[in-house]
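Engineer: pasting the sequence and the predicted model now:
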Amino acid sequence: MNCLVRYLGLMFQLSRIQDLALWEAEMTEPTRALTSSAWIGWYEEDAAG
């Protein structure tokens with residue numbers, strides 16, 4: 001039972017990673033730059049506390 005749960009969890013994670021890669025591939029370069037800078041800004045704020 002435990003192995004099945006772990007397997008399903010792994011499959012779910014892999015599908016999420018594929019979705020993210022697909023989404024990123026569809027994004028245009030300016031949008032990606034904007035998104036990553038916004039993400040970095042949020043991350044730095046979060047790290048600062």
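Structural biologist: Done, it's in. Numbering: from 1, shown residues only.

Engineer: quick check: residue 6 vs residue 18, distance?
Structural biologist: From residue 6 across to residue 18, the span is 19 Å (Cβ to Cβ, to the nearest Å). For every residue, glycine as well, the C-beta is placed using N, CA and C.

Engineer: give me the distance between residue 41 and residue 6.
Structural biologist: Applying Cβ to Cβ to residue 41 and residue 6 gives a distance of 36 Å.

Engineer: could you do residue 20 as well?
Structural biologist: From residue 20 over to residue 6 (counting by Cβ to Cβ), the distance is 21 Å.

Engineer: again with residue 44
Structural biologist: 34 Å.

Engineer: likewise residue 15?
Structural biologist: On the measure of Cβ to Cβ, residue 15 and residue 6 end up 15 Å apart.

Engineer: show me where the chain has helices.
Structural biologist: Counting by DSSP state H, one finds helices in the chain at the ranges 2-26, 29-48.

Engineer: with mean pLDDT and mean neighbour count added, can I get these in a markdown table?
Structural biologist: Formatted as a markdown table, those follow (pLDDT from 0 to 100; neighbours: other Cβ atoms under 10 Å):
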| stretch | mean pLDDT | mean neighbour count |
| --- | --- | --- |
| helix 2-26 | 82 | 9 |
| helix 29-48 | 69 | 10 |
